[in-house]
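>>> I'll drop the sequence and a predicted model, then ask my questions.
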Amino acid sequence: MRRLTLALAAAGAALPGIAIAQTAPAPNAQGDVSVTIYNNNLALVQDKRELRLPAGKSKQDFPDVSAQIRPETVTLAAPGATIVEQNFDFDLLTPEALMEKAVGQNVTVVRGGQSLPAKVLAYNEGAVVEIGGRIEVLGKDDRVVFPALPPSLRARPTLSVTLDADAAGPRPATLSYLTFGMGWKSDYVALFDEKAGKIDVQGWLTLTNNSGTTYNNANTLLVAGGGGQRGAGSTMVPGTETAGRERIGDFYVYPIPGRVTIAQRQQKQVSFLDVASAPAAKAYAYRNPWLGRQDQPRSVDTVLRFSSSKEGGLGDALPAGTVRIYMRDARGAPQFIGENNIGHTPMGSRIAIKTGEAFDVKVKAVVQTRTRVSDSKWRTTMVYTLTNARPEAAVVELSQGGLDSWWKDTRILEETQPSERVNADEALWKVSVPANGEASLTVTFETRY
């Protein structure tokens, strides 16, 4: 009879692995595997295997399925066979599981070269056994030999299916299921040349597999879409161009070239975007809330703008991810200057990413006067003072928000330079601030409540 040997550590310590005598590791039982990975920690696995079935009912094991399989999503397509029952055996073979299953059973403890008959009484962060009428806790130098492997323990995640075949013989079978534990994300590395007004962008897709199983030589698709993908710290004017990519419904598909092995507990990166010298520009921006005032000047935002359009842009639909911006220093070495997130971005969009706050360009907003002119009207004068310690002039896109809501309506009565009404709630001024100098803007608003 095959016997299993387990070296036990002291109570409460981690247990080493199990050694099974004369048993070679079983080869991976998967067939032709396709994996479709979504953004929300979910993947679809389709595994085509060859079955040899007897006529009538038989139990078929499918090892090497995901350890995080959703059993209720399993489908099996096999010509001339129907599913009668299916079970997912997720009780995997580990030293801890082996000891737990041995509670109440007889084993052999090897100690100091002696083999001692023993009975396992309990296992809870350590093994309690009876040896020769004495109750003992096994020590770190003890080894336990088990008479057999418990039938309920599996070395690999296994799906058991009872099939009813109309005739005996080989036939193809496609096993499909959804699993947790797999996901992907996109990351972008951008090198910005401010003088040239150009940007180089490389996009990376990073796959992560924590499903408990390796998928060998898999045909892999990544699907981008769905909710929960918001771009924090970036703004977008959505485009209307159709990207030349495969789509499933309203989702875009990003296939991984060739076949890849997605190992358990592995991150794999592949490039999907490589664009050089796309137009880009830096801007300074500051948005003041309604009646916003500052005791001290505040730094304006530094913003990088570019496009995902086919002409004059990155030329692709961009899945949600993190954009990391670099610029070359005086020695020509690229240096990191900031990062932010973008949401799912259609091709043809205009993108503005906040990379940080300007050290030398600041703004201070002050409510100079605020007067009630009637029962339903107020008049407010705001003064914005902008300073620039840079050796070059700067243009600050200063916007005032809160001009319109369900309870008020605000219009501009006077302004020291023309504004642009961005929308009902926001007005924008492009204020030129000279090098090593300052500029001011005065605006009077009338609000009707």
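That came in fine, so what should we check first?
>>> from now on I want contacts and neighbour counts done on CA atoms only, so please keep to that.
Will do.
>>> next, name the residue at the spatial heart of this protein.
Lys185 (4.5 Å; CA atoms, centre = their mean).
>>> surely that one is in contact with Gly321?
Yes. Using CA atoms under 8 Å, Lys185 is in contact with Gly321, at 6.4 Å.
>>> just to revisit the earlier point, so how far is Leu441 from the residue nearest to the centre of the chain?
44 Å (CA to CA, to the nearest Å).
>>> what do you get for Phe272?
Taken as CA to CA, the span from Phe272 to Leu441 is 46 Å.
>>> where do the helices of the stretch 1-150 of the chain begin and end?
95-101 (DSSP state H, counting those that start in this stretch).
>>> show me the shaky parts of it.
1-26, 89-92 (pLDDT under 70).
>>> now the strands for it?
Taking DSSP state E, counting those that start in this stretch to define them, one finds strands in the stretch 1-150 of the chain at 4-7, 18-20, 32-37, 42-53, 56-63, 75-77, 81-89, 106-111, 114-123, 127-131, 134-137, 143-146.
>>> format those as a markdown table; extra columns: distance to Asn423 and mean neighbour count.
Formatted as a markdown table, these follow (distance: least, CA to CA, whole Å; neighbours: other CA atoms under 10 Å):
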| stretch | distance to Asn423 | mean neighbour count |
| --- | --- | --- |
| strand 4-7 | 72 | 19 |
| strand 18-20 | 68 | 14 |
| strand 32-37 | 39 | 21 |
| strand 42-53 | 39 | 19 |
| strand 56-63 | 59 | 16 |
| strand 75-77 | 52 | 15 |
| strand 81-89 | 57 | 16 |
| strand 106-111 | 78 | 19 |
| strand 114-123 | 68 | 17 |
| strand 127-131 | 71 | 20 |
| strand 134-137 | 75 | 13 |
| strand 143-146 | 76 | 20 |
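>>> tell me the secondary structure at Gly356.
Using DSSP: H, G, I helix; E, B strand; the rest coil, the structure places Gly356 in strand.
>>> same check, this time on Leu207
Applying three-state DSSP: Leu207 is strand.
>>> what is the burial count for it?
Neighbourhood size, Leu207 [other CA atoms under 10 Å]: 18.
>>> which residues are in contact with the spatially closest residue to it that is not a sequence neighbour?
Nearest in space to Leu207, with sequence neighbours left out and distances taken as CA to CA, 6 or more residues apart in numbering, is Trp184 at 4.4 Å. Trp184 makes contact with 37-39, 41, 205-208, 222 under the criterion CA atoms under 8 Å, 6 or more residues apart in numbering.
>>> looks to me like Trp184 is in a strand.
Yes. Per three-state DSSP, Trp184 lies within a strand segment.
>>> measure it to Arg370 for me?
Trp184 is 53 Å from Arg370, by CA to CA.
>>> with Trp378 instead?
7 Å.
>>> dump stretch 140-157 to PDB, restricted to CA.
Output of stretch 140-157 as PDB, limited to C-alpha atoms (Å, rounded to 0.1, in the frame of the first residue of the first chain):
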ATOM      1  CA  LYS A 140       9.200  19.800  15.200                       C
ATOM      2  CA  ASP A 141      11.400  16.700  14.700                       C
ATOM      3  CA  ASP A 142       8.500  14.200  14.400                       C
ATOM      4  CA  ARG A 143       7.400  12.800  11.100                       C
ATOM      5  CA  VAL A 144       4.000  11.300  10.400                       C
ATOM      6  CA  VAL A 145       3.400   8.500   8.000                       C
ATOM      7  CA  PHE A 146      -0.200   8.100   6.700                       C
ATOM      8  CA  PRO A 147      -1.500   4.800   5.400                       C
ATOM      9  CA  ALA A 148      -3.300   6.300   2.400                       C
ATOM     10  CA  LEU A 149      -4.400   9.600   0.800                       C
ATOM     11  CA  PRO A 150      -7.900  10.600   1.800                       C
ATOM     12  CA  PRO A 151     -10.200  10.300  -1.200                       C
ATOM     13  CA  SER A 152     -11.700  13.700  -0.700                       C
ATOM     14  CA  LEU A 153      -8.400  15.500  -1.000                       C
ATOM     15  CA  ARG A 154      -7.200  16.500  -4.500                       C
ATOM     16  CA  ALA A 155      -3.700  17.500  -5.500                       C
ATOM     17  CA  ARG A 156      -5.300  19.900  -8.100                       C
ATOM     18  CA  PRO A 157      -8.600  21.700  -8.400                       C
END
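>>> okay, buried residues for that stretch please.
Residues of stretch 140-157 classed as buried by neighbour count (16 or more other CA atoms under 10 Å): 142-147, 149, 153-154, 156-157.
>>> equivalent analysis for stretch 176-192, please.
176-192.
>>> mean confidence for that stretch?
Looking at stretch 176-192 alone, the average pLDDT works out to 96.
>>> how far away from the center of its chain is that stretch?
Distance of stretch 176-192 from its chain centroid, counting by CA atoms, centre = their mean, to the nearest Å, is 5 Å.
>>> what's the answer for stretch 157-165, then?
With CA atoms, centre = their mean, you get 33 Å for stretch 157-165.
>>> pLDDT of that stretch, averaged?
pLDDT averaged over stretch 157-165 gives 88.
>>> who's in contact with that stretch?
In contact with stretch 157-165 (CA under 8 Å, 6+ apart) are residues 53-67, 80-92, 213.
>>> run through the strands of the stretch 201-350 of the chain in chain order.
Going by DSSP E, counting those that start in this stretch, the stretch 201-350 of the chain shows strands at 215-224, 234-237, 247-248, 251-262, 266-288, 298-307, 321-328, 334-342, 350-374.
>>> lowest-confidence stretch among those strands?
strand 234-237 (a mean of 81).
>>> how about the CA coordinates for that strand, as CSV?
C-alpha atoms of strand 234-237 as CSV (Å, rounded to 0.1, in the frame of the first residue of the first chain):
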residue,chain,number,x,y,z
SER,A,234,-8.2,63.9,-15.7
THR,A,235,-10.8,65.4,-17.9
MET,A,236,-12.0,64.3,-21.3
VAL,A,237,-14.0,65.6,-24.2
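>>> just list what it packs against, helices and strands only.
strand 334-342, strand 350-374 (3 or more CA pairs under 8 Å, 6 or more residues apart in numbering; DSSP states H and E).
>>> ok, now which ones touch Thr213?
So Thr213 contacts 64-67, 157, 263-264 (CA under 8 Å, 6+ apart).
>>> buried stuff in stretch 195-214?
Buried residues in stretch 195-214 (16+ other CA under 10 Å): 198-214.
>>> list the buried ones in stretch 416-425?
Going by 16+ other CA under 10 Å, stretch 416-425 has these buried residues: Ser419.
>>> quote the end-to-end distance of that stretch.
Terminal-residue distance, stretch 416-425 (CA to CA): 20 Å.
>>> what are the contacting residues of it?
Stretch 416-425 has contacts (CA under 8 Å, 6+ apart) with 401-405, 427-430, 441-443.
>>> got it, and stretch 437-449?
Taking CA under 8 Å, 6+ apart as the rule, stretch 437-449 contacts 376-389, 407-417, 431-433.
>>> which of those are buried?
For the contacts of stretch 437-449, buried by 16+ other CA under 10 Å: 378-389, 409-410, 412, 415, 431-433.
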